[in-house]
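# can you look at this prediction? I've put the sequence above it.
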Amino acid sequence: MKDQFYKYIENLQDTITSKLEVIDGGTKFKEDIWERPEGGGGRTRVIENGNVFEKGGVNISAVHGDLPEVLRNQFKVKEGNFFACGLSLVLHPINPFVPTVHANWRYFEMYDDAGNIVTQWFGGGQDLTPYYLFEEDAIHFHSVCKTACDAHNSEFYPKFKKVCDEYFWNAHRNEARGIGGLFFDYLKETEAFSIKDRFDFVTQVGDSFLESYVPIVNRRKEVEFDKSHKDWQEVRRGRYVEFNLVHDRGTLFGLKTNGRIESILMSLPPIVQWKYNHQPEENSNEAKLLDVLAKPRNWVE
């Protein structure tokens, strides 16, 4: 399974970066191949200062070796070996009317002393962070997520949408990071779902990413904006940074396990503002976004 999934994310990285380069039309992804001293490595691809994307990355990695202490404590084991691979992406557009997007799909195995798999699971999801709210964009993104889920189980979308809303919650600000999407973790084999069923589900969600995001980019990338719109985008990017550094489990795991810092912090936007006690004008488009972020909404039934 690990070889099958790694091959999948290799191909998915190629598909996504090729499509995004066409959309941007001004620059290409730069590739960085790296190795992890403890075992494994990855292929990082970053785009910067394009016509559409101010900064973004579409990265894959496959790492293995002794189980890090943070995972030994989590799994309540004294020792063990592991394998983990995944694709992670974040895109920060130039135009404030185009939302930031994040996605990742990953697979994990842990082994006993004889090399037998003792546990394995899939995780991942995708979520949207707009700076200006367009309901048709939110409905489109969530509709694609729901369609991918419904192909496997009608309970998946409401369940994983709720988990996403709960996970991407900036507790210290009492607001959502964005308008959600899907989030799932520890998808193991059960009586109802084989590990192959889990693979088929996660890969269908991954295959749906471009369909969920590209139409929104094409719809908004040439909308005119001024400095006030850009200022608001950069203030809201600050909240994105806060979530990633304070709450995000993936970021914190990477920082605690000698992860590759450049790849971990690739998710951060290039230009950010923090303004003291910044409040938008009442009934403004900026205020309407905050109203939605204060209480997650169901975008599709």
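Looks like it arrived, so ask away.

# where along the stretch 101-250 of the chain do the helices fall?
Along the stretch 101-250 of the chain, counting by DSSP state H, counting those that start in this stretch, helices occupy 135-150, 156-167, 195-207, 209-220, 227-246, 249-256.

# ok, which of those comes nearest residue 271?
When the helices of the stretch 101-250 of the chain are compared for distance to residue 271 using Cβ to Cβ, the nearest one is helix 227-246, at 5.8 Å. Just so you know, the C-beta spots here come from the backbone N, C-alpha and C atoms, and that holds for glycine as well.

# could you say what helices and strands that closest one packs with?
strand 169-170 (3 or more Cβ pairs under 8 Å, 6 or more residues apart in numbering; DSSP states H and E).

# elements contacting the strand it packs on?
Using 3+ Cβ pairs under 8 Å, 6+ apart, strand 169-170 sits against strand 175-176, helix 227-246.

# hey, which of these is tucked in deepest?
Sort these by mean neighbour count, taking mean count of other Cβ atoms under 10 Å, and strand 175-176 sits at the top with a mean of 22.

# would you mind giving the helices and strands packed on strand 169-170 as a markdown table with mean pLDDT and distance to residue 102 added?
A markdown table is the format used below for the helices and strands packed on strand 169-170 (pLDDT from 0 to 100; distance: least, Cβ to Cβ, whole Å):
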| stretch | mean pLDDT | distance to residue 102 |
| --- | --- | --- |
| strand 175-176 | 97 | 13 |
| helix 227-246 | 97 | 9 |
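
# reformat the ones you listed as TSV; add distance to residue 135.
Output for the helices and strands packed on strand 169-170, formatted as TSV (distance: least, Cβ to Cβ, whole Å):
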stretch	distance to residue 135
strand 175-176	16
helix 227-246	18
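
# out of the ones you listed, which gets nearest to residue 77?
Nearest of the helices and strands packed on strand 169-170 to residue 77, taken as Cβ to Cβ: helix 227-246 at 27.9 Å.

# ok and the closest one relative to helix 249-256, angle-wise?
Angle of helix 227-246 versus helix 249-256, following axes from the mean of the first three to the mean of the last three Cα atoms, to 10 degrees, is 60 degrees.

# just the residues contacting helix 227-246, thanks.
Defining contact as Cβ atoms under 8 Å, 6 or more residues apart in numbering, one finds that helix 227-246 is touched by 92, 96-97, 100, 129, 131-132, 168, 170, 172-173, 175, 177, 251, 267-269, 271-275, 278, 280, 286, 289.

# kindly report the same for stretch 197-204.
1, 4-5, 8, 105, 107, 121-122, 124, 148-149, 151-153, 156, 187-189, 193.

# quick one: mean pLDDT for it?
For stretch 197-204, mean pLDDT is 98.

# can I get that stretch in CSV, CA atoms only?
Provided in CSV are the C-alpha atoms of stretch 197-204 (Å, rounded to 0.1, in the frame of the first residue of the first chain):
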residue,chain,number,x,y,z
ASP,A,197,-11.5,1.3,0.4
ARG,A,198,-9.7,4.0,2.3
PHE,A,199,-7.1,4.4,-0.5
ASP,A,200,-9.9,4.7,-3.1
PHE,A,201,-11.6,7.4,-1.0
VAL,A,202,-8.6,9.5,-0.2
THR,A,203,-7.3,9.4,-3.8
GLN,A,204,-10.8,10.5,-5.1
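
# buried set for it?
Using 16 or more other Cβ atoms under 10 Å as the test for burial, stretch 197-204 gives 198, 199, 201, 202, 203.

# quick check: mean pLDDT of the helix of greatest length in the chain?
When the chain is scanned for its longest helix (criterion: DSSP state H), the result is helix 2-24. Mean pLDDT, computed over helix 2-24, is 98.

# so what secondary structure elements neighbour it?
strand 40-48, strand 53-66, strand 81-93, strand 100-111, helix 195-207, helix 209-220.

# and residue 183, which of these is closest to it?
So among the helices and strands packed on helix 2-24, strand 100-111 is nearest, using Cβ to Cβ, at 9.7 Å.
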